[in-house]
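J.: Based on what follows, work out the 3D shape:
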Amino acid sequence: MNKNPLSPKKLLLTKWTAVNPRNREKHFVVTRVIEPVPPSMRVEQVELEAVHSKQVYLLHWRELTDTSLWRQGWV
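T.: Numbers count the residues shown, from 1 in each chain. Sure thing, here's the model as predicted:
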């Protein structure tokens, strides 16, 4: 498993391509980095929005580091 080097604080508005599209949804944008409560905790999740359908998905941000699932940018 290869990894994309990422920082959760720099993910907002980044573009992603799903390696195995679901429901014909391939291209996504990180629309929100979910801030933890309390703020001293680490960021765990992000919201991804499908470009075509506008469907929103909640995802653990570390899943984006798995290159067998995600490619950074729109490929």
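
J.: Just the buried positions in stretch 47-60, please.
T.: Buried residues in stretch 47-60, counting neighbours by 16 or more other Cβ atoms under 10 Å, are found at 47-51, 59. Any C-beta I mention is one placed from the backbone N, CA and C, and that applies to glycine too.

J.: ugh, typo on my part, it should be stretch 57-71
T.: 59, 61, 64, 70-71.

J.: Over to stretch 24-42?
T.: 25-28, 30, 33.

J.: who touches it?
T.: Residues outside stretch 24-42 that contact it (Cβ atoms under 8 Å, 6 or more residues apart in numbering): 8-9, 11-18, 43-53, 55-58, 61, 74.

J.: what's the offset of that stretch from the middle of its chain?
T.: With Cα atoms, centre = their mean, to the nearest Å as the basis, stretch 24-42 stands 7 Å off its chain's centre.

J.: then the one helix or strand Trp16 maps to to PDB, C-alphas only?
T.: Taking DSSP states H and E as the criterion, Trp16 maps to strand 15-22. What follows is strand 15-22, C-alpha atoms only, in PDB (Å, rounded to 0.1, in the frame of the first residue of the first chain):
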ATOM      1  CA  LYS A  15      -9.400  17.500  -5.400                       C
ATOM      2  CA  TRP A  16      -9.500  13.700  -5.400                       C
ATOM      3  CA  THR A  17     -10.200  10.900  -7.800                       C
ATOM      4  CA  ALA A  18     -11.600   7.600  -6.600                       C
ATOM      5  CA  VAL A  19      -9.600   4.600  -8.000                       C
ATOM      6  CA  ASN A  20     -12.800   2.500  -7.900                       C
ATOM      7  CA  PRO A  21     -15.700   4.800  -8.600                       C
ATOM      8  CA  ARG A  22     -19.000   4.100  -6.900                       C
END
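
J.: what's the angle from the following helix or strand past that strand to strand 15-22?
T.: Scanning forward in sequence from strand 15-22 by DSSP H and E, the next helix or strand is strand 25-34. Angle, strand 25-34 to strand 15-22, by axes from the mean of the first three to the mean of the last three Cα atoms, to 10 degrees: 120 degrees.
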